[in-house]
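From the sequence below, what's the structure:
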Amino acid sequence: MHMKHLLLFPLILLLLGCELVHQHPEPGTFTHVAIGLNYRGTNANVLSGTINDAREQEAAFASLFSNRDSSAYLMLQEGSSDDSYDNPSSPSLPTKERVTKLLSALVENQQEQDLLLITYSGHGMEDGSWVLAPDDASGTIFLDATTVDPSLLLSVGELFALLAPSKGTTLLIIDSCYAGNFVLENGTSVSLIDPRPIFSDAYEAYFSKGSYEKKVFVMAATTADNTSKEPIGGSHIHGYFTEALLGGLGWDEESQSLLNKPSSLSLDGLYCYIMENQRIKLSGTYQAFYQHPTIVGGPLDLVLCQDEN
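Modelled structure (predicted):
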């Protein structure tokens, strides 16, 4: 009997090992909500690269996640060539009501293995709030010279409250002024440029006592106290941050396709690529001449694609 037990023990271990090997979860669905506003037809400053940002991010991420059951919602406010405002009844116009209703519905149906990506290219207020599209034909954003209509603003707190019930994973990629407000400061993340040495930052982030539960991942174009920039002039431009992001995904501007799809890529890896390839300085004396992307920190990373071989 004793010998039988010894013989059975390796067999049990083998069976247990096989069980562990086969417990890899199946990839869930991928859903992308791409929001872009250029404010043409409104009384706000017109942005030149935001529509390109939204359209090409939607196409690039669709190619990146082509192996998954995916869907996309492209929500654009782009006005018309005669500088008139969009049709307010268009279901794809990113008003606050339409954006919040869509996100609420997607979060409600999200399962544990699903990934929801939300990208935003547009104006941002000093507290990080997104400036969404007016729902009337006037296109009025500024009520007077300095006051933005508060009914158009989607705040940091409102967005995180919408995403809180999610069972799956959510990724926010934000190219707007003061976007670092979405990188909530805690033991593993900071939304401002920290003057301490980089190795000290890395050590403290990776060995902190912060919580690493499944959460909202955030990558933002700039810090909480600085603006996001785009080149002045040019026939086809992007925000500096989104331009570098698309390059990190393997996007080819000429063919408008993902020609160089990476075999493996994580959010941290994409962030590092942006930091190395962004065509504007990461720091400096005057904020008008630099922008520093920010990201939710710590040891928890998000794998975007991985070579299955």
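
which stretches of the stretch 201-309 of the chain form strands?
Assigned by DSSP state E, counting those that start in this stretch, the strands in the stretch 201-309 of the chain fall at 216-220, 251-252, 257-258, 265-266, 294-295, 303-305.

With mean pLDDT and mean neighbour count added, can I get these in TSV?
C-beta coordinates here come from the backbone N, C-alpha and C atoms, glycine included. Output for the strands of the stretch 201-309 of the chain, formatted as TSV (pLDDT from 0 to 100; neighbours: other CB atoms under 10 Å):
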stretch	mean pLDDT	mean neighbour count
strand 216-220	95	23
strand 251-252	96	19
strand 257-258	94	18
strand 265-266	94	18
strand 294-295	96	24
strand 303-305	91	16
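
mind listing what Asp149 touches?
Pro134, Thr140, Ile141, Phe142, Leu143 (CB atoms under 8 Å, 6 or more residues apart in numbering).

if we can go back for a sec, turn the strands of the stretch 201-309 of the chain into a markdown table, including distance to Gly41.
As requested, the strands of the stretch 201-309 of the chain are exported to a markdown table (distance: least, CB to CB, whole Å):
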| stretch | distance to Gly41 |
| --- | --- |
| strand 216-220 | 27 |
| strand 251-252 | 28 |
| strand 257-258 | 30 |
| strand 265-266 | 37 |
| strand 294-295 | 31 |
| strand 303-305 | 35 |
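
between these, which one is nearest to Glu158?
Proximity to Glu158 (CB to CB) singles out strand 216-220 among these, at 13.3 Å.

what residues does the closest one touch?
So strand 216-220 is contacted by 160, 163, 166, 169-174, 179-180, 182-184, 191, 267, 270-271, 293-296, 302 (CB under 8 Å, 6+ apart).

Quick one: distance of it to the chain centre.
6 Å (CA atoms, centre = their mean, to the nearest Å).

List the neighbouring strands of it plus their orientation.
strand 169-175 (parallel), strand 294-295 (antiparallel) (DSSP bridges).

Distance to Phe217 for those strands - can I get that in CSV?
Output for the strands paired with strand 216-220, formatted as CSV (distance: least, CB to CB, whole Å):
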stretch, distance to Phe217
strand 169-175, 5
strand 294-295, 8
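
closest to Gly250 out of the ones you listed?
Closest approach to Gly250 among those is made by strand 169-175 (16.0 Å; CB to CB).

helix/strand/coil for the nearest residue to Gly128 once chain neighbours are set aside?
Closest residue to Gly128 apart from its sequence neighbours, by CB to CB, 6 or more residues apart in numbering: Asn181 at 2.7 Å. Counting by DSSP: H, G, I helix; E, B strand; the rest coil, the backbone at Asn181 sits in helix.

Could you check how far Ser283 is from Glu230?
19 Å (CB to CB, to the nearest Å).

more crowded one of those two?
Higher neighbour count among Ser283 and Glu230: Glu230, with 22 against 12, using other CB atoms under 10 Å.

doesn't His238 make contact with the more buried one?
Yes - taking CB atoms under 8 Å as the definition, Glu230 is a contact partner of His238 at 6.9 Å.

and the residue nearest to Ser263 when sequence neighbours are not counted, how many neighbours?
What sits nearest to Ser263 in space, not counting adjacent residues and going by CB to CB, 6+ apart, is Asp307, at 4.1 Å. By the criterion of other CB under 10 Å, Asp307 has 8 neighbours.

From what I see, Asp307 and Ser264 are in contact.
Yes - between Asp307 and Ser264 there is a contact under CB under 8 Å: 5.1 Å.

where along the stretch 1-150 of the chain do the helices fall?
For the stretch 1-150 of the chain, the helices defined by DSSP state H, counting those that start in this stretch cover 2-21, 50-64, 96-109.

Against which helices or strands is the shortest one packed?
Secondary structure elements in contact with helix 96-109, counted by 3 or more CB pairs under 8 Å, 6 or more residues apart in numbering; DSSP states H and E, are strand 30-37, strand 70-77, strand 115-121, strand 153-154, helix 156-163.

returning to what we had before: out of the contacts of Asp149, which end up buried?
Pro134, Ile141 (16 or more other CB atoms under 10 Å).
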